[in-house]
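Student: here is the input, now give the coordinates:
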Amino acid sequence: MAELNQSIRDSAVARWTALGIVSFTMMAAYFFTDVMSPLKTMLESELLWDSSDYGFFTSAYGWFNVFLFMLLFGGLILDKFGVRITGLGASVLMVIGAVIKYWGISSPVLVGHMLLGIKAPVMWASIGYAIFAVGCEVSGITVSKIIVKWFKGKEMAMAMGLQVALARIGTALALVITVPFANYFKSVPAPVLFGAALLCIGMLSFFIYTFMDKKLDAEKQKENGVEEEEGFRLSDVKVILRNKGFWLIALLCVLFYSCVFPFLKYATDLMVNKFDVDIKLAGLIPGLLPFGTILLTPFFGGIYDKKGKGATIMIIGAFLLLFVHILFSIPFLNNWVLAVVLMIVLGIAFSLVPSAMWPSVAKIIPEKQLGTAYALIFWIQNIGLMGVPFLVGKVLEKFCKLPSVNGKSAYDYTLVMEIFSVLALLSIFVAFALKREDKKKGYGLEKKNIQ
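Tutor: Coordinates of the predicted model:
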């Protein structure tokens, strides 16, 4: 009789299958997010962009999410209408943005024209990237809520870690194959078109998941007599914003990710300029970072599930982050072997913090408010993901430009890495404050997840 009352989420095959399906959507999204990162040098030499153009473009990721509050609206829609409608809508937005971005960098009719004082190809690529970013970030919070929905009280941290790891495969592929792909087709926009095609498959993948989600909701409605998703109330936002633990984890998120994702946007160029790595191979070194997280993120998530110590895990990751950026900032440490070692260590840090941070949100915030909470955190994170790349581009162009080498732009990245080091140091202070708040409020961040 007990078996008859089991939910589909009690089936390990079902819940891990659901995770795999939505994780593919995010893998495609992460590939497209970073598909332009290894192309900075080629954009400058073949499409006549400069570092300011590139910084402007990378900052576009946060335009609509931050200034138009689209990410926040996405969270409210998620809590009100559920994961199916929100996830499908977000997938469609990603595809639309990808198509506009591809058109922006590939259309010859835009070349030589200006739009709002910016080169037309740069502006249209940025607009497409901004639209894509809304869909990508809303997809991210939707998938986070899906994992809580299927894995709460079970292997939640491991599931979130595995989802992050699979998404990082997309990042790794973008960093590793983009330049060879562009060279093979003799076209800088070619990898962007490939990324758009992946997003279309990701949209179909999420559509398949909706059938599993509908079955799970039907079971819960039959068992409880009510829908799982509760309507949004304005008071929910007030409750979240009054929670000190929420603010600490949001600050840790924006500081940590501002040290990683913007860094990856410039990492290939860093390898060329500081470590004298050939442009054809330069993407391989930063590509090590996401590959390292594939095993480590779910591994550390499994430790959190079984042993706890979530706040401690985040502190260790923040320290490793500072260590890496300080060494990258020292001018005479310019051997490519060191770059490989530091990227591996950064991969460990990049596994430690997310594996504990995202499951911890579900301990601080009630499940019915999770969509809004994740949206608020992602919104704050997007401020950093928008501002830091823009700042780095301006700093490189104004303070770090060196005499051209063989007609190609050259830069000294010392000051940029010092900026990343300061952000990493601040993340350590916030991580300690979060651990202290957990001890005071009893969130259970140091306790295991499996009940």
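Student: quick one: contacts for I146?
Tutor: 18-19, 22, 83, 87, 209, 213 (C-beta atoms under 8 Å, 6 or more residues apart in numbering). Heads up, the C-betas are built off the backbone N, CA and C, glycines and all.
Student: please read the previous query as pertaining to A424.
Tutor: 255-256, 259, 318, 321-322, 324-325.
Student: now it: closest residue in space that isn't a chain neighbour?
Tutor: Sequence neighbours aside, L322 is the residue nearest to A424 in space, at 3.9 Å (criterion: C-beta to C-beta, 6 or more residues apart in numbering).
Student: show me where the stretch 1-150 of the chain has strands.
Tutor: 114-115, 118-119 (DSSP state E, counting those that start in this stretch).
Student: I'd like to know which of those strands lies nearest to L342.
Tutor: strand 118-119 (34.2 Å; C-beta to C-beta).
Student: name every strand pairing with that closest one and say which way it goes.
Tutor: strand 114-115 (antiparallel) (DSSP bridges).
Student: and the strand it pairs with, how far from the chain's centre?
Tutor: Computed by C-alpha atoms, centre = their mean, to the nearest Å, the separation of strand 114-115 from the middle of its chain amounts to 30 Å.
Student: returning to that earlier point: and the strands of the stretch 1-150 of the chain: which comes nearest S126?
Tutor: strand 118-119 (7.7 Å).
Student: contact partners of the closest one?
Tutor: 49, 53, 56, 113, 126.
Student: tell me the phi and psi of K152?
Tutor: phi -60, psi 130 (degrees, to the nearest 10).
Student: and it, what is it in contact with?
Tutor: Contacts of K152 by C-beta under 8 Å, 6+ apart are 362, 367.
Student: mind checking how far it is from S23?
Tutor: Look at K152 and S23: by C-beta to C-beta, to the nearest Å, they are 18 Å apart.
Student: A190 too?
Tutor: 26 Å.
Student: and those two? Which one has more around it.
Tutor: S23 (26 against 17; other C-beta atoms under 10 Å).
Student: one step back: which of the strands of the stretch 1-150 of the chain sits most buried?
Tutor: Mean neighbour count (mean count of other C-beta atoms under 10 Å) peaks for strand 118-119 among the strands of the stretch 1-150 of the chain, with a mean of 19.
Student: not counting sequence-adjacent ones, nearest residue to W124?
Tutor: Here the residue nearest W124, using C-beta to C-beta, 6+ apart, is G104, at 3.2 Å.
Student: since we're on that neighbour, how many residues are nearby?
Tutor: Using other C-beta under 10 Å: G104 sits among 24 other residues.
Student: dump the residue contacts of it.
Tutor: 110, 120-128.
Student: again, only this time at 10 Å
Tutor: Contact analysis of G104 by C-beta atoms under 10 Å, 6 or more residues apart in numbering lists 57, 110, 115, 119-129, 189, 192.
Student: filter these down to the buried ones and hand me the PyMOL line.
Tutor: Per 16 or more other C-beta atoms under 10 Å, the buried members of the contacts of G104 correspond to this PyMOL selection:
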select buried, resi 57+110+119+120+121+122+123+124+125+126+127+128+129+189+192
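Student: thinking again about what came up before, which stretch of helix or strand covers the residue nearest to A424?
Tutor: helix 310-329 (DSSP states H and E).
Student: now do that helix: distance to the chain's middle.
Tutor: That offset, for helix 310-329, works out to 18 Å (C-alpha atoms, centre = their mean).
Student: pull out the buried positions in it.
Tutor: 310-329.
Student: mean confidence for stretch 216-236?
Tutor: For stretch 216-236, the mean per-residue pLDDT is 65.
Student: ends of that stretch, how far apart?
Tutor: 25 Å (C-alpha to C-alpha, to the nearest Å).
Student: just stretch 324-342 next, same as before
Tutor: Chord length of stretch 324-342, first to last residue, is 6 Å (C-alpha to C-alpha).
Student: ditto for stretch 30-44
Tutor: First residue to last in stretch 30-44 (C-alpha to C-alpha) measures 23 Å.
Student: count of neighbours near I77?
Tutor: Count around I77 with other C-beta under 10 Å applied: 20.
Student: equivalent analysis for G442, please.
Tutor: Other residues close to G442 by other C-beta under 10 Å number 11.
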